Every structure is written in C-alpha cells, then in structure tokens.
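1. dropping the sequence and predicted coords here.
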Amino acid sequence: MFTELSKEEYQRYSRHLILPEVGVEGQLKLKNAKVLLVGTGGLGAPLGLYLAAAGVGKIGLVDFDIVDYSNLQRQIIHGTKDVGRKKLDSAADSMLDINPHMEIVKHDVALTSENAMDIIKDYDMVADGTDNFPTRYLVNDACVLLKKPNLYGSIFRFEGQATVFAYPGGPCYRCLYPEPPPPGLVPSCAEGGVLGILPGIIGVMQATETVKLILGIGEPLVGRLILFDALAMKFRELKLRRNPECPVCGDHPTVTKLIDYQEFCGIPHAAPGLEPVAQGTEIEPAEVKAKLDRGDKFFFLDVREPHEFKIASLPGTTLIPLGELGKRLAEVPQDTPIIVHCKSGGRSAKACDLLRQSGYKDVLNMKGGTLLWSDKVDASVAKY
Amino acid sequence: MRTRQRRPKKIYDTRKNNIMAKILIPTPLRQFADKKDSFEVSAATVGEALGQLTAAHADLKKHLYNDEGKLRSFVNIYVNDEDIRYMSKEATAVAATDTISIVPSIAGGR
C-alpha cells in the first residue's frame, strides 16, 4: 500500500494533482490500483498506454500472441521494431517507457476456464480487449463470480460498443446478450476489417471508465451501452438492465462456476482466437497447386470481396463473394469438382456448406486461404 | 438519462402524412441490405417494422430470425433507447419519428 508520492511523481502527475477531483489522494488511489488487461491488441494498446500514463500502479497483461505487421495499423503500443516479439514484452516496454513508477505482471497464457479465476482474483477490475465470443463470456462470468467490474469494449469495422459490466447492482454481458451468435455468423476483425483508429476511441473510453471507477468520481458507464459509429461520427446511448433471470448475475443464478466456453459458443475445441475448424473435407494449398500444374479439371472459387481480390488473387479462380453466392449458384458448374478459398479459410468453409446444401457433391475447402498459399506455395501473393 | 416519454395518443396517421419511423442497420448487417445504413418504415409495431425491412431485404431475415421465426438472442432491438425485451417485445408500439436500432453482438478487440 503506497501512502505517498515521490518528488518525481508529483511533477509527473501535476495535471492530475491540480484537479480537485483527483489530487494527491486520487493519485494514490491510482497508484494502489490493480487492473488486468485481457489482450494487448487494438483495445489493449490505448488502454495500456493511457493507464500507465495515468499512474495505475499495477497492471496485469494477458496475451500469448506475437506482434505481426498487420497489427501495426491500430495496435499503437507495438512498433515496427517489435514485429516478431511477444506482445507482452513489447507492450510492457512501451508502458514502462511512459511510466517506470509502476509494476507490470505478464500472464503469458490464453485466458481459460482453468486459469481465469486464479488470474483475475488478484486485480480490482478487468478491461476486456479480447477478440472472440468464448473469451468475452469467460471474462464476463469470471468477473461476475469474483465481483470485479468488467470494462467492456468491442469493435467491428466502423462501429464500437462500450459499457461497464458486473458493477454492483448493474447488468452483465449475458443480460445484454444471453447467447453468442453461432460460429461464423459474425465475422471477426481479421475477416471483416476494422478502421485502425476505432479501437483507439473505444479503448480510451474503457480507460476513462477504469480511471473513474478507481477514483470513484463521475457517473460510471453502468446500465448504459454506448454505440459509436465512426462514419456518421455519432455516439448513441442505449439503456441496459440487469436481467433478474440472468443465469450468472440474476436472482437465482444457475452458472455458479466457469463452464466450457468453446462449447457454449458452439465451437469445436481449438485454441482461442483460431478459426473454427471447417466442417467436411479440406485440401492443402500445395495439393491445389499440384492439381493446377497437372491441368486437373476443377472449378476454383474465390469467395472474398472484389477489393480483396485486387490485393491478392490465385491463378484460375472465379470470384463470387460469399454474400452473393446464394444468388449466383448458376455460375457454379454442377459437373466439376469445386475447390473454394478465401483469405484464411473461414468464409470458404461457409461457402462449402452452402454449396453442399444446394446439392453440390464434390466440394473441397482450401485450408488457410490466400495466407497459407502465400506461405506454402507462392510468397509473391500479398498477405493482408 | 431521460426516460422515454409515453407519447399521447397518435394525432396523425403516419401513413397518410408519410412520416416514417427509421430502422438503423448496423455495419455487420448492411451487406444484406444493399449496403443501406437505415430503412424507413410506416408501421405500428416493431414486429411490423422488421417485417417490412425483411420483406425488402430477404437476406436479412435469417440473420434476425431463427428457424422458428423468433428474433435471435444475439440480436437486440431497441426503440429509441429502450430494449424491446423490457417493453412489449415485437408488439412494442412504434410512433412516427421513433428510431428502431438493431444492435447485434460484436466481439472484435484486436
């Protein structure tokens, strides 16, 4: 427990100290606070940087990922020099560079039902910057069970959502969305894209709520869901209510310990963050290349969007975006084997399902999409 | 936060005056609605309004409703700032100038 600030800290936190709502007392609250950031990506980056700058004394980071070039468009806690490093190390370096008067605890794991309670219990609150439904529900349930506020933010393309869950008396994530969408119906940012600045806005809102909760000032974002639309540059606010029948935070909870969240979200078991395993048959990019080289007859279908096709395309493909496939089945031959690809294998798996449901018999999903093709067959195909 | 005031009995017919309620379509669903971000309806209830939307954009239907024709549990519908689950669900009355929001769950963060 810190009871005083150093001379250097007085200078560093001067603009806080002269705010009557913060002052030395508030700054000491920040210094004694313990916040867990789940994920050091798009949302975790601004959260980590601003909470470090604000003087939060202990910040835990949970991540198992490596910095990739495709992260740098938005994950401003990592730099070009960090590509290939662990995100944990890169994030910790950036934060300690801003503020050495703090402790960073690195949790080099994926958050799971087995470790979540143990990790979260040592913190005052949790900021959720994850990127998949199973972990969202896991963080929510663990926060409700441990009575730790959950600073929630999520993003997609040009839109974001933010609120505070699991605050005493307030609603939780399951009150808002009792069930997750079936796997694949809602695309991830890797599939759907995201405006790089968007996680900055939503992550800073999460950071703002974190600091307010620690200081005990203002009106916390509890029972209110903020929707942000970057294209319209509009914020809207919707009311959230605690559902008395909520299975986790309701009056008669039925979920009293953590469950299997992969199963809850209908995902076959795989490491969190990975694409769900495609149903049915798959084919390796190298095999497809061999077929092309041999001149085997097959219909090579690309189900990505036209703007993606312009960035990278594979030889001999026909482009029909997944969203149009249902209407354009006439363009897919009935008498030829079909191989479908996309960017990473998720959309093409859906296209395969659709084709099989429409009576196509010989349909294969090319594993790993253009990304794996670039790794295994032809490095000149751009990765994006 | 101001609570939504119950409006007095309608004094005009939305259809005759051509005053319409607006449905806001969120980004993930725009691809199934000819890329539109909103859709105007003249409807008395939320159910009717969504019916008009899915009649015009059939591809949206399976994203909003399950096979039994019920609203999917990861799609929330709001009239102005109120969740229809806490009003009269799909029978919730809609007045002209109301905004109906479709708020699907999104999970992105990286």
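-> Alright, I've got the coordinates. Not measured: the values here are computed from a predicted model.

2. CA only for contacts and neighbour counts going forward, please
-> Noted.

3. closest residue of the stretch 51-200 of chain A to chain B?
-> Going by C-alpha to the nearest C-alpha, chain B is nearest to residue A:131 of the stretch 51-200 of chain A, at 4.3 Å.

4. surely that residue and residue B:110 touch.
-> Yes - look at residue A:131 against residue B:110 with C-alpha atoms under 8 Å: they come within range, at 5.5 Å.

5. look up the pLDDT of residue 87 for me, please.
-> With no chain named, the answer covers chain A. Reported pLDDT at residue A:87 in the predicted model: 98.

6. try chain B instead
-> Residue B:87 is assigned 95 on the pLDDT scale.

7. ok, residue B:9 next?
-> Note for residue B:9: predicted pLDDT of 50.

8. re earlier: now for residue A:131 and residue B:110: what residues contact both?
-> residue A:189 (C-alpha atoms under 8 Å, 6 or more residues apart in numbering or on different chains).

9. in chain B, which ranges drop under the pLDDT threshold?
-> B:1-19 (pLDDT under 70).

10. run through the strands of it in chain order.
-> Taking DSSP state E, the strands of chain B run over residues B:21-24, B:38-41, B:75-79, B:82-83, B:99-104.

11. the third one to strand B:99-104, inter-axis angle?
-> Orientation note: strand B:75-79 sits at an angle of 160 degrees relative to strand B:99-104 (axes from the mean of the first three to the mean of the last three C-alpha atoms, to 10 degrees).

12. strand B:75-79: how far from the chain's middle?
-> Centroid displacement of strand B:75-79 relative to its chain, using C-alpha atoms, centre = their mean, to the nearest Å, is 7 Å.

13. and the strands of chain B: which comes nearest chain A?
-> Of these, nearest to chain A by C-alpha to the nearest C-alpha is strand B:82-83, at 5.8 Å.

14. quick one, phi/psi of the closest residue to residue B:73 other than its chain neighbours?
-> In space, and not counting its chain neighbours, residue B:73 is closest to residue A:179: 5.9 Å by C-alpha to C-alpha, 6 or more residues apart in numbering or on different chains. Dihedral pair for residue A:179: phi -130, psi 150, per degrees, to the nearest 10.

15. wait, residue A:179 sits on residue B:76?
-> No - using C-alpha under 8 Å, residue A:179 is not in contact with residue B:76; the gap is 11.2 Å.

16. quick one: whatever helix or strand residue A:349 lives in near chain B?
-> Residue A:349 belongs to helix A:346-357 when assigned by DSSP states H and E. No - Helix A:346-357 stays clear of chain B (C-alpha under 8 Å from any C-alpha of the partner chain), getting no nearer than 13.7 Å.

17. show me the helices in chain B, by range?
-> B:14-17, B:27-30, B:46-56, B:61-64 (DSSP state H).

18. how about the ones you listed in a markdown table, adding distance to chain A and mean neighbour count?
-> Below are the helices of chain B laid out as a markdown table (distance: least, C-alpha to the nearest C-alpha, whole Å; neighbours: other C-alpha atoms under 10 Å in any protein chain shown):
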| stretch | distance to chain A | mean neighbour count |
| --- | --- | --- |
| helix B:14-17 | 25 | 12 |
| helix B:27-30 | 7 | 18 |
| helix B:46-56 | 16 | 18 |
| helix B:61-64 | 8 | 18 |
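
19. can I get those in TSV including distance to residue A:200?
-> Shown next, in TSV, are the helices of chain B (distance: least, C-alpha to C-alpha, whole Å):
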stretch	distance to residue A:200
helix B:14-17	41
helix B:27-30	18
helix B:46-56	33
helix B:61-64	29
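
20. close to chain B: what parts of chain A are there?
-> Proximity of chain A to chain B, by C-alpha under 8 Å from any C-alpha, involves residues A:39-44, A:75, A:129-133, A:136, A:153-159, A:176-181, A:185-189, A:199, A:237-240, A:323.

21. and chain B, which of its residues are near chain A?
-> So chain B meets chain A at B:27-28, B:31-32, B:63, B:73-76, B:78, B:80-83, B:105-110 (C-alpha under 8 Å from any C-alpha).

22. Provide a ChimeraX selection command restricted to the buried entries of these.
-> The following ChimeraX command selects only the buried members of those, with burial defined by 16 or more other C-alpha atoms under 10 Å in any protein chain shown:
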select /B:27,28,31,32,63,73,74,75,76,78,80,81,82,83,105,106,107,108,109,110
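
23. any low-confidence regions in the stretch 151-300 of chain A?
-> Applying pLDDT under 70 to the stretch 151-300 of chain A flags the ranges A:184-185, A:187, A:268-280.

24. strands of that one, residue ranges please.
-> Secondary structure of the stretch 151-300 of chain A (DSSP state E, counting those that start in this stretch): strands located at A:159-165, A:224-229, A:234-239, A:282-283, A:299-302.
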